[in-house]
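In: Predicted coordinates and the sequence they were generated for:
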Amino acid sequence: MVSLLFYLRKYKSDRVGRSMIYVRITIDGKRSEFSSGRKVHPSIWDAAYGKVLGFSQEVRQLNSYLSKIRTDLYLHADKLKGQGQTLTAVSLKESYLGLDKPNKMLLEIFQEHNNQVESLVGRDFAAGTSERYRTAMSHLKEYLQKEHRRNDIPVQHVNHTFISGFEYYLKTKRKCSYNTAIKYVVNFKKIIRIAYANGWITKDPFANWKARLKTVDREFLTNEELQQLIDHPFSNERLEHVRDCFVFCCFTGLAYADVKKLTHNDFVIGIDGELWINTKRAKTNTKSNIPVLPTAMMILEKYENSPLLIDKRVLPVLTNQKMNAYLKEIADLSGIKKHLTTHLARHTFATTVTLSNGVSIESVSKMLGHKSLRTTQHYAKILNRKVSEDMQLLKKKLSFQKKVASGNT
């Protein structure tokens, strides 16, 4: 039989004389106690009935809280008996306080999540997404080991200080850029949300943490730089292949992951009777419909019967790491001062190839496979800045002409 008693520990009173209300559980003559977390002045405590005297709203709320503890304890006792577990004063207290549940470990949850993402690559997730979560977990594991001297911690130990410390670690020790650090913390945030949704933690430690990404100006090649790259001869065939794949992306807007998987099955004849690329983006699974421009067509024809192609692929695309390494060398050899990457080609398509030539932002957004027009509008902002810079140069020229004209009169 379960016996419950609410009592005060009067010898432990606070500065205003209030004492903590304790709960005592007795089963088969064995006791176990815990604090209710509430205090009351002994003068208004009814020891016989284990409640507070009075009719004020504060008193009613406190008595209601104590009554709920009593009800919940009896429910937990019924639950333990229903599960065939031994009912003792200690087991009932641990069940009520949640101490009987095994601690879920942080990296354990992270690994379970990553395993699920990995198994869904190609269906619900892109390979790049899986890789980012693996990297985020690797950084978190390193942070735990180097800053906390732990291989893992219970997820309940994650608090705002831990989160801020992880963000600081990424920016300082790992030398991540501001936006990269924030994105890794956002990956970590998803793991905590999973723990919260499953009841492994009782509150969300990310409640007061906000992800604020900084706007980054995206580089792109100008018409002159793009032509300079196309015209430059390369004695090294590998460099020529990489340059061609890069230029193809400049004239199609395809991201690295999309051009790498591009096959003959991704080409269709459009409503205009011309060749179009019809594919789904690996990152977002959204459709991209892109007319094949003459420069892109020339590159496709160049590699049509190349022995370098495998699995019906249309271009000899290397790994992203190798592509970016070769692009650095290509930039040096062709005299381009910008940091060439596979993604810069996508920016070049959006700005130099399409928007600068009067293609509507809606059409560009659809070709890029953006889910929202707001994503594409960033390129329009870049162009506005370019227009402003060009107009400043024009003003200087006009000002000079005005001075010359004044001098002649």
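Out: In hand now; what should we look at?

In: Which of the helices or strands spans residue 203?
Out: For residue 203, there is no host helix or strand (DSSP states H and E).

In: how many other residues sit next to it?
Out: Counted with other Cβ atoms under 10 Å, the neighbours of residue 203 add up to 9. Any C-beta I mention is one placed from the backbone N, CA and C, and that applies to glycine too.

In: Identify the residues contacting it.
Out: By Cβ atoms under 8 Å, 6 or more residues apart in numbering, residue 203 lies in contact with residue 196.

In: quick thing: my sequence starts at 835, can you match it?
Out: All set: I'll call the first residue 835, so the last point we hit is now residue 1037.

In: how near is the closest residue to residue 880 other than its chain neighbours to residue 1027?
Out: Spatial nearest neighbour of residue 880, chain neighbours left out: residue 887 (5.3 Å); criterion: Cβ to Cβ, 6 or more residues apart in numbering. Shown here: residue 887 relative to residue 1027, a distance of 44 Å by Cβ to Cβ, to the nearest Å.

In: contacting residues for residue 1186?
Out: Residue 1186 makes contact with 1054-1057, 1060, 1084, according to Cβ under 8 Å, 6+ apart.

In: Going through the residues you listed, which ones are buried?
Out: Buried positions within these, assessed by neighbour count (16 or more other Cβ atoms under 10 Å), are 1054-1055, 1060, 1084.

In: Residue 1196: which of those residues is nearest?
Out: The nearest member of those to residue 1196, counting by Cβ to Cβ, is residue 1054 at 19.7 Å.

In: which secondary structure element contains that closest one?
Out: Since the elements are taken from DSSP H and E, residue 1054 ends up inside neither a helix nor a strand.

In: Surely it touches residue 1178?
Out: Yes. Counting by Cβ atoms under 8 Å, residue 1054 sits close enough to residue 1178 to count as a contact (6.4 Å).

In: so what's in contact with the two at the same time?
Out: Once Cβ under 8 Å, 6+ apart is applied, it turns out that residue 1054 and residue 1178 contact no residue in common.

In: so where's the stretch 985-1134 of the chain shaky on pLDDT?
Out: Low-confidence regions of the stretch 985-1134 of the chain, defined by pLDDT under 70, span residues 1050-1051.

In: where along it do the strands fall?
Out: With strands called from DSSP state E, counting those that start in this stretch, the stretch 985-1134 of the chain shows them at 1101-1103, 1109-1114, 1121-1125.

In: With mean neighbour count as extra columns, can I get the ones you listed in TSV?
Out: Listed next are these as TSV, based on neighbours: other Cβ atoms under 10 Å:
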stretch	mean neighbour count
strand 1101-1103	12
strand 1109-1114	18
strand 1121-1125	17
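
In: will you turn the contacts of residue 1186 into TSV that also has distance to residue 1042?
Out: Compiled in TSV, the contacts of residue 1186 are given as follows (distance: Cβ to Cβ, whole Å):
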residue	distance to residue 1042
1054	38
1055	42
1056	44
1057	48
1060	46
1084	43
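
In: and which of these is nearest residue 869?
Out: Distance from residue 869 was checked for each of the contacts of residue 1186 by Cβ to Cβ. The minimum falls on residue 1054, at 63.1 Å.

In: give me every residue that touches the closest one.
Out: Taking Cβ under 8 Å, 6+ apart as the criterion, residue 1054 is in contact with 1178, 1181-1182, 1184-1186, 1216.

In: Could you report the separation of it from residue 1062?
Out: To residue 1062, residue 1054 is 14 Å away according to Cβ to Cβ.

In: Also residue 983?
Out: The spacing between residue 983 and residue 1062, counted by Cβ to Cβ, is 54 Å.

In: Which residue of those two possesses the greater neighbour count?
Out: For residue 983 and residue 1062, the more surrounded residue by other Cβ under 10 Å is residue 1062, and the numbers stand at 14 against 7.

In: neighbours of the nearest residue to that one once chain neighbours are set aside, just the number please.
Out: Take residue 1062 and drop its neighbours on the chain: the residue closest to it by Cβ to Cβ, 6+ apart is residue 1168, 6.0 Å away. Other residues within reach of residue 1168, judged by other Cβ under 10 Å, total 18.

In: shouldn't residue 1168 be in contact with residue 1063?
Out: Yes. Taking Cβ under 8 Å as the definition, residue 1168 is a contact partner of residue 1063 at 5.3 Å.

In: part of a strand, is residue 857?
Out: Yes. With the criterion set as DSSP: H, G, I helix; E, B strand; the rest coil, the secondary structure at residue 857 is a strand.

In: That one bridge partners, please.
Out: Residues in a beta bridge with residue 857, per DSSP bridges, are residue 840, residue 868.

In: Contacts only, for it.
Out: Shown here is residue 857, whose contacts under the criterion Cβ under 8 Å, 6+ apart are 838-840, 867-870, 903, 907.

In: what about 6 Å?
Out: For residue 857, the contacting residues are 840, 868, 870, taking Cβ atoms under 6 Å, 6 or more residues apart in numbering as the criterion.

In: want to throw the residues you listed into TSV with distance to residue 916, neighbour count and pLDDT?
Out: Output for the contacts of residue 857, formatted as TSV (distance: Cβ to Cβ, whole Å; neighbours: other Cβ atoms under 10 Å; pLDDT from 0 to 100):
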residue	distance to residue 916	neighbour count	pLDDT
840	26	21	96
868	23	15	93
870	26	15	92
